[in-house]
Every structure is written in C-alpha cells, then in structure tokens.
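> this is a predicted model, with the sequence first.
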Amino acid sequence: MKKVLAIVFGVMFTFQMQAEKQKAYSDKGEKPRVIILATGGTIAGSGESSTKAAYTAGKVPVDDLLNAVPQIHDLADIKGEQIAQIGSQDMNIDTWLKLSQRINEIFDNNEAEGVVVTHGTDTQEETAYFLELTVNSDKPVVLVGAMRPSTAMSQDGNRNLLDAVMVAASPNSQGIGPVIAMNESVFAARDVTKTITTNIATFQSRNFGPIGLIYDGKVSYYYKSLRSSEAKFNVKGLKKLPQVEIIYGYADASAITVKALREAKVKGIVYAGMGNGNFNAQVGAELEAAAKSGIAVCRSARAGGGRVTLFNEVDDKALGFVVADDLNPQKARILLMLALTRTADANAIQDIFFKY
Ligand SMILES: NC(=O)C[C@H](N)C(=O)O
C-alpha cells in the first residue's frame, strides 16, 4: 500500500514539476519545439484517385506532409526529419534502433519538448512499444498514422497529425510515455493494438481502453500505466537484437515450424497459443526440446485480450517456459529480444515480463 502511495505521489510530483517547467517556458512567449520524424506509411500514402482504395504507402516526403497541415506551426516550432520512407509492413530492427537512438539524442541534447513519429499503422504498435522500452525520457513521443492515404477523400491523416503535434506540445503529456494518438484517442504503447484491417477506428486497447481523449484541440488524460517506470533498455551502439520468431497455434498444428526454428538456433520463440497460451502435444514436445537446447520459449496468446498466466494447464517451471502476461505475441517478441540483451535465464526473463 505504502509503495502504491509512493508511486502515486511520485507521479503527481513529476507531473507538477514538468507542468511548472512548461509553464515557465510558455510564459516567455515561446512555442514548444516539436520534431517530426517521418517513417512513411499510409499517412504519407498516395493514390491515383480520391475515391479508389488502391494506393502506395510511404510516397509523400516529410516536408510535403508538414506543408499540408500549416496549422501545426501555430502549436509548436516544428522541424521535420525523414528517418525512413516505407510502408510499415517493411519496418525493421535497423530502423527501430535508428529511431530510438535519434529520439534519445533529441531529448539528451534538449533539441525539443516533444517528438512526433509519423508511421504506418500495420506495425505502429510494435514501434511504439520498442520506443517505450528504450527511450529514456519523460518527454512525449507521439506516434501517428492514417488509415486513408493523403490523396483520399475524407483522409484522416491531416487531422491526426494536427492532434499528434498538439499532444506532443501539451504540458499535460509529460511522463505519459510513448503513445499512439489517432482518431481522437490516445493509447499507451504497451496496450494498444491494431484491431481492424481498414477502419479509421482501428487502434484499441482491449484490456484497458485509451489513456486519453482528444477533442477540440485539447487532450485530457485519465490514467497512466504502473508498468512504465522500469529502467529502460540501453540500445545505444547496438546494430542488431537477438533473433526471436513467432509461431501461431491452431487445432492440430504440426511441430514443423518449432523444429525448424530450433534447428536454426534462434535465441527465442514466442508461441501465440490457443486460449491461455496452450499448445497441443506434438508442438509442446518440440517447444520443450527448444527450451532444453537454450532457446527462450515464451507463451503468449492468439486470443487478442486478457493475459497468459503461469502454471495453468501448462507446467512452465518444469518445461523452462516463460509467459507473456498481457502482451500480445508481437509485443512479447520485442520484450523478449530486449530481455535477451540482459539475460538468458528463464526466471530473470519471467521477472522482466511481470515488470515491464
Ligand atoms: N494504414 C497504414 O498505414 C497501412 C500501411 N500498410 C502501413 O502500415 O504503412
């Protein structure tokens, strides 16, 4: 109880300090500085017609994106940088490392009060969670994208970009951690997931809901995750991460893929299991062999909500497995890759999964 109160007061104190700092800043009549790091995606997508669905992601360069929403300059001093120009289905560890290293540098050198990352929606949640685990600052990092390309009728990107800049520039956003701000909602990186293939309301947090709501150019926050204060993973100087792959579970799955990964000597396997992270007998035998050979095996769930609990229908301790708790498989992979940069011990990895 004491610990919870200490955390709550600590968070309140930090918020107040940050708000004071920001207030002193705005009293000087200066605008907050926001750097926009562009990576591509549908928000930078271009199609042949305003009414047809076909388009190519990551076509529009950062300067054109910013020029399309001149109102952002009323909110902040804006600078744009092109980090990548890809559909986020092509997002990769290289770009994650580059992005995280650049954002840490921006905050360490006090180059900006906030960062906005424009990004495709397919893997936006993964990038957001990677940044949550590796960016060491209380300043806001706001990821934003669009479901309709910039050339479409009723495109959603311009409004989303304006809102994202507002969120990044708002004193209320100190200490919230990397978030996705889209469609008038703000989601914590850890919880958010893409739920619908094409709809503009695609981002949701099935377990916990949005942490904030946007309306009329303002953001209001309602809660903050207690999981966000753990020491960040240091990726400075790293060129790659331990290889972790995901395998999807289903009725009567064969063990071919698990065996192939064991033989390929990957460092970790995340199993997107059925129900509470379950697998059938043949897959279980291969996963056990993988764990015995030194591969970290993590049980996650394909269900899309809830969490995977220890020692339910599976004896994790005997098998040497860890559970992903409430992280979906793609986020469990990110935490496992980063955990493996610290330790290969299953108990220590499990501890990380229960803390981060
Ligand atoms: N809406 C989008 O951004 C989808 C696109 N494939 C991307 O992730 O880049």
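Now that the structure is in, tell me what you want to look at.

> what kind of secondary structure is the residue lying closest to residue 243 once chain neighbours are set aside in?
In this structure, residue 243 finds its nearest non-sequential neighbour in residue 266, 4.7 Å apart by C-beta to C-beta, 6 or more residues apart in numbering. Yep, even glycine has a C-beta here, placed from its N, CA and C like the rest. Assigned with DSSP: H, G, I helix; E, B strand; the rest coil, residue 266 falls in the coil class.

> quick one: residue 266 and residue 296 touch, right?
No: look at residue 266 against residue 296 with C-beta atoms under 8 Å: they stay out of range, at 9.2 Å.

> coming back round to it: and the residue nearest to residue 243, how far is that from the ligand?
25 Å (C-beta to the nearest ligand atom, to the nearest Å).

> residue 47 now?
To the ligand, residue 47 is 12 Å away according to C-beta to the nearest ligand atom.

> what residues does this structure have near the ligand?
41-42, 57, 87-89, 120-122, 145, 147 (C-beta under 6 Å from any ligand atom).

> rewinding a little: so between residue 266 and residue 296, which is more surrounded?
Neighbour tally, residue 266 and residue 296, criterion other C-beta atoms under 10 Å: the higher count belongs to residue 296, 25 against 16.

> show the subsequent helix or strand relative to the lowest-mean-pLDDT helix or strand in the chain.
Ranked by mean pLDDT, DSSP states H and E, the weakest helix or strand in the chain is helix 2-27, scoring a mean of 49. Counting by DSSP states H and E, the element after helix 2-27 in chain order, helix or strand, is strand 33-40.

> packing partners of that next one?
helix 62-67, strand 77-86, helix 93-108, strand 114-118, helix 157-169 (3 or more C-beta pairs under 8 Å, 6 or more residues apart in numbering; DSSP states H and E).

> include mean pLDDT when you put these into a markdown table, please.
Shown next, in a markdown table, are the helices and strands packed on strand 33-40 (pLDDT from 0 to 100):
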| stretch | mean pLDDT |
| --- | --- |
| helix 62-67 | 96 |
| strand 77-86 | 98 |
| helix 93-108 | 98 |
| strand 114-118 | 98 |
| helix 157-169 | 98 |
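
> could you say which of the ones you listed is packed most deeply?
strand 114-118 (a mean of 28; mean count of other C-beta atoms under 10 Å).

> what residues are bridge-paired with residue 86?
residue 40 (DSSP bridges).

> residue in the stretch 251-356 of the chain nearest to the ligand?
residue 330 (13.2 Å; C-beta to the nearest ligand atom).

> just the mean pLDDT for the helix or strand hosting that residue, thanks.
Applying DSSP H and E as the criterion places residue 330 in helix 329-339. Mean pLDDT, computed over helix 329-339, is 98.

> now that helix against helix 93-108, angle please.
Going by axes from the mean of the first three to the mean of the last three C-alpha atoms, to 10 degrees, helix 329-339 is angled at 70 degrees with respect to helix 93-108.

> show me how far helix 329-339 is from its chain's centre.
11 Å (C-alpha atoms, centre = their mean, to the nearest Å).

> which strands or helices does it pack on?
Using 3+ C-beta pairs under 8 Å, 6+ apart, helix 329-339 is in contact with helix 124-134, strand 244-248, strand 268-273, strand 296-301, helix 346-355.

> now those in JSON lines, with mean pLDDT?
Formatted as JSON lines, the helices and strands packed on helix 329-339 follow (pLDDT from 0 to 100):
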{"stretch": "helix 124-134", "mean pLDDT": "98"}
{"stretch": "strand 244-248", "mean pLDDT": "98"}
{"stretch": "strand 268-273", "mean pLDDT": "98"}
{"stretch": "strand 296-301", "mean pLDDT": "98"}
{"stretch": "helix 346-355", "mean pLDDT": "98"}
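
> quick one, which of the ones you listed is nearest to residue 114?
Closest approach to residue 114 among those (C-beta to C-beta): helix 124-134, 12.9 Å.

> perfect, that will be all.
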